[in-house]
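Colleague: no sequence on hand, only this structure:
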């Protein structure tokens with residue numbers, strides 16, 4: 001007969017696996033958003049430098065900061081970063097729950113073994 005806590009642990013491990021896959025997807029999305037932002041900033045900065053060769057790097061960066069599309073991409077990048085961090089925290093929680101359930105399973109096994117040795121006294 002399976003241990004009730006073992007069944008809970010197995011279900012939790014399946015949920016944890018799903019969380020790992022979601023975290024992996026969040027990392028991919030974060031990388032994509034970061035690349036989109038950096039690309040847009042580079043395009044704006046290079047366009048500004050090509051228009052005015054005497055433009056300083058700081059001035060080109062200010063123009064990239066002022067670009068509305070770069071601003072929107074920055075917001076999307078930060079949202080993806082927040083989502084990734086939230087999923088990372090969820091994974092730490094899943095690990096803690098799994099550790100606790102493993103401990104309970106070990107305790108239940110030890111109790112069953114102990115009581116099996118004593119019979120129905």
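Modeller: Structure's in. What do you need? Owing to the predicted nature of the structure, the values given are computational and were not obtained by experimental measurement.

Colleague: which stretches of this structure have low pLDDT?
Modeller: 1-2, 118-121 (pLDDT under 70).

Colleague: in it, which helix is the longest?
Modeller: Longest helix of the chain, by residue count under DSSP state H: helix 68-118.

Colleague: now for that helix, which elements pack on it?
Modeller: Applying 3 or more Cβ pairs under 8 Å, 6 or more residues apart in numbering; DSSP states H and E, we find helix 68-118 packed against helix 4-51. Where C-beta positions appear, they are placed from N, C-alpha and C, glycine not excepted.

Colleague: quick check, distance from the helix it packs on to the centre of its chain.
Modeller: Centroid separation for helix 4-51 versus its chain: 7 Å, with Cα atoms, centre = their mean, to the nearest Å.

Colleague: helices or strands up against that helix?
Modeller: Packing contacts for helix 4-51, counted by 3+ Cβ pairs under 8 Å, 6+ apart, involve helix 57-66, helix 68-118.

Colleague: what's stretch 46-60 in contact with?
Modeller: Applying Cβ atoms under 8 Å, 6 or more residues apart in numbering, the contact partners of stretch 46-60 are 44-45, 63-64.

Colleague: let's see that with 10 Å instead.
Modeller: 41-42, 44-45, 61-64, 67 (Cβ atoms under 10 Å, 6 or more residues apart in numbering).

Colleague: can you name the two of the residues you listed that are farthest apart?
Modeller: Greatest spatial distance among the contacts of stretch 46-60 (Cβ to Cβ): 42 and 62, at 14.6 Å.

Colleague: before we move on, the earlier item: give me the angle between the longest helix of the chain and helix 57-66.
Modeller: Inter-element angle recorded for helix 68-118 and helix 57-66: 70 degrees (by axes from the mean of the first three to the mean of the last three Cα atoms, to 10 degrees).
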